[in-house]
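**Q** fold the following.
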Amino acid sequence: MEAEEKQLRIKRSSLLPIDVKRSDRHFTVRNLGVQKQLAHNKQLREFADCEWVLLYPDFDLVVTLPGTTEPFTVEKYKECLGRPYSRVNLYICRLDDFEGKLILENVAKLVDKLHCCDWALITDFLT
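**A** Below is the predicted model:
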């Protein structure tokens, strides 16, 4: 996953399989993914000291199963997704890039709210 033009996007041809246990939690999967990517991706080695997060394909943070408060495990996510293990894809992202995405989303929401407020003020003034 990489930040491009202030948005996250999945980097094509960068998926690498990792061996995980069914009971592995999100932090174990993240650590194994980071280790494998750093070993096989020369461009990422300059970020070896960065903090990383694990993301779902929709760029949501992996901590719990989607739509629940149940803690993430590989087996539960696979069952929830209904796919074989070989078709389960999760992504790693630098924490700085992920936080930048959140900041931009919050700014965009704030701007939208301000526009709504401005419009409400204008319509109140006109009536």
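**Q** can you map out the strands along the chain?
**A** Remark: strands assigned in the chain by DSSP state E are 2-4, 7-9, 52-55, 91-94.
**Q** indicate which one of those is closest to A39.
**A** A39 lies closest to strand 91-94 among the strands of the chain, at 12.9 Å (C-beta to C-beta). Glycine gets a C-beta too; all of them are placed from N, C-alpha and C.
**Q** so what strands line up beside that closest one?
**A** Paired strands of strand 91-94, with direction, are strand 52-55 (antiparallel) (DSSP bridges).
**Q** ok, A48 to G33 distance?
**A** Distance of A48 to G33, given as C-beta to C-beta, to the nearest Å: 14 Å.
**Q** neighbour count for the two, which is higher?
**A** Between A48 and G33, counted using other C-beta atoms under 10 Å, the more crowded position is G33 (20 against 9).
**Q** who are the contact partners of that one?
**A** G33 makes contact with L16, I18, W52, L54, L90, I92, according to C-beta atoms under 8 Å, 6 or more residues apart in numbering.
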